[in-house]
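Visitor: with the input below, show me the fold.
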Amino acid sequence: MQKIINILAIESSCDETSAAIVQNGKVLSNLIATQKVHERFGGVVPELASRVHMQNIIPVVDAAIIDAGIKKKYISAVAFTQAPGLIGSLLVGACFAKAFAQALKLPLISVHHMQAHVLAHFIDANPPFPFLCLTVSGGHTQIVLCKGFLDMEIVGETIDDAAGEAFDKVAKMLGLPYPGGPLVDKYAKEGDPLKFKFPLSEMKDYDFSFSGVKTSILYFLQAQRKADPDFAANNMADICASAQYTIVKMLISKLEKAAKHLNIKHVGIAGGVSANSGLRQALADAGKRNGWEVYIPRFEYCTDNAAMIGITGYHKYLSGDFADMAVSPSARAAW
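Guide: Sure, this is the predicted structure:
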C-alpha cells in the first residue's frame, strides 16, 4: 500500500496569504486570502502586507486543513515559501511554518517560489522531461529548462524589468487602477493590436528587456496627449492591445528561439502573467506553428498559491530534501 504523504503548504511571498494540503501530489485544498488594502496606494505596501499576513495566516491554514478533510496529526511535513519575495511577508510564513512543524515534530521543507511556479504544471498534467517553461510574473521573467522535478536551469531571463511590471506600468500610464495588468488584458480584447507600433527590444541569446518598451509607450503617450489630452481615454482599447501584443511577441519569440535551439517540443508557461489571455493564446498559436505539446496551468495555479508550494514540497519530501530550523527567508535567492 502506498504511504500517504500529506503536505501542509504555506505561501506568503507578496500580498496573498495561501495555504494548501497536498496529498501524494493531489491538491485536497487550496485557499487564498487576498489583500485589498493596497489598491488605494497603487501598489503593494510591504509593511501593510506583513501585517495582513499576520491576521490571515492562522484562519487560512485552519480552513485549508478543514477543507481537506484531514486532521493535523496526519500531516507529514510543512512546506513554505523561503524565497524570493517581500522579506516581511516571507518572515510571517516562515515563522508560522517553523512553529507549526516544531509543535507537531514535523519535517520542514523550504521552497523557492519560482521553482514552485514551474512545478504548478504537475498539479493537473504530467509534462515529460525535459520541458521548457516560461515563468512570467510581476517580479520575474525567465525561461527555465526543467530536467527533473528538482533539476532546473535558467537559460534566459530579463536583464531589467519583468513582463508583469511592464504591464502594470503601462496601466499606470493610462490611469488605470491597481492591479493594472488584468485591466490591460481586459481592454486589449476589444482593441486592434496593430494600431500602434512599439519597438521590440532584442537581447542576446534568450534574455529579455522590457525597460525600452515601457519608455517608448511613455513617450508616445506624452506626445499624443499634448495634441489631445483625452487621447488615452479615447484610444484605451487600441493602446492596451498594441502594448500587450508587443510584450507578448517579445516573450514568445524568445521562447521559440530557446525551444528550437534546445530541441524541445514540450513547452509551458507559469506565473501570474500566464493568466493573461493574449499570452495564453499566443502560446497556443506557437504550439501549432512549432508542433509543441503546450501546457498551461489553470488560472488558480497561475497566480501565487500554496498548491504549487505543496506540489514542490511533496517532491522534495520524496527526495529527502528537508530544511532545519535555522533556515531563513530571503528576498532574493539563487536557485
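Visitor: now the most centrally placed residue in the chain. Nearest residue, chain neighbours left out?
Guide: With distances taken as CA atoms, centre = their mean, residue 271 lies nearest the centre of the chain, 2.4 Å away. Spatially, and ignoring its direct neighbours in sequence, residue 271 is nearest to residue 137 (3.8 Å; CB to CB, 6 or more residues apart in numbering). Glycine gets a C-beta too; all of them are placed from N, C-alpha and C.
Visitor: again with residue 280
Guide: residue 296 (5.7 Å).
Visitor: give me the neighbour count for the one you found.
Guide: By the criterion of other CB atoms under 10 Å, residue 296 has 21 neighbours.
Visitor: change the start of the numbering to 46 and stick with it
Guide: In the new numbering, first residue 46, that becomes residue 341.
Visitor: OK, contacts around it?
Guide: Applying CB atoms under 8 Å, 6 or more residues apart in numbering to residue 341 gives the contacts 313, 314, 319, 325, 328, 329.
Visitor: wait, doesn't residue 108 sit right on residue 77?
Guide: No. Counting by CB atoms under 8 Å, residue 108 does not reach residue 77; the two are 10.6 Å apart.
Visitor: let me see the mean pLDDT of the helix or strand hosting residue 178.
Guide: Assigned by DSSP states H and E, residue 178 belongs to strand 176-181. Per-residue pLDDT over strand 176-181 has a mean of 96.
Visitor: now that strand, how far from the chain's geometric center?
Guide: 11 Å (CA atoms, centre = their mean, to the nearest Å).
Visitor: next secondary structure after it?
Guide: Downstream of strand 176-181, the first helix or strand assigned by DSSP H and E is strand 186-193.
Visitor: low pLDDT regions in this structure?
Guide: For the chain, the stretches with pLDDT under 70 are 46.
Visitor: can you show me the strands along it?
Guide: Assigned by DSSP state E, the strands in the chain fall at 51-56, 61-68, 71-79, 122-128, 153-157, 176-181, 186-193, 196-202, 311-315, 338-340.
Visitor: out of those strands, which is closest to residue 253?
Guide: Closest to residue 253 of the strands of the chain, according to CB to CB: strand 186-193, at 5.3 Å.
Visitor: identify the residues contacting that closest one?
Guide: Here strand 186-193 has contacts from 159, 163, 172, 174-180, 197-203, 207-209, 251, 253, 255, 296, 299-300, 303, 307, 309, using CB under 8 Å, 6+ apart.
Visitor: if we use 7 Å, what do you get?
Guide: Outside strand 186-193, the residues within contact range by CB atoms under 7 Å, 6 or more residues apart in numbering are 159, 163, 174-180, 197-203, 207-208, 251, 253, 299-300, 303, 307.
Visitor: so what's the residue count around residue 377?
Guide: Applying other CB under 10 Å, we find 9 residues neighbouring residue 377.
Visitor: contacts only, for the closest residue in space to residue 329 that isn't next to it in sequence.
Guide: Sequence neighbours aside, residue 339 is the residue nearest to residue 329 in space, at 6.0 Å (criterion: CB to CB, 6+ apart). Listed by CB under 7 Å, 6+ apart, the contact set of residue 339 reads 312, 313, 328, 329, 332.
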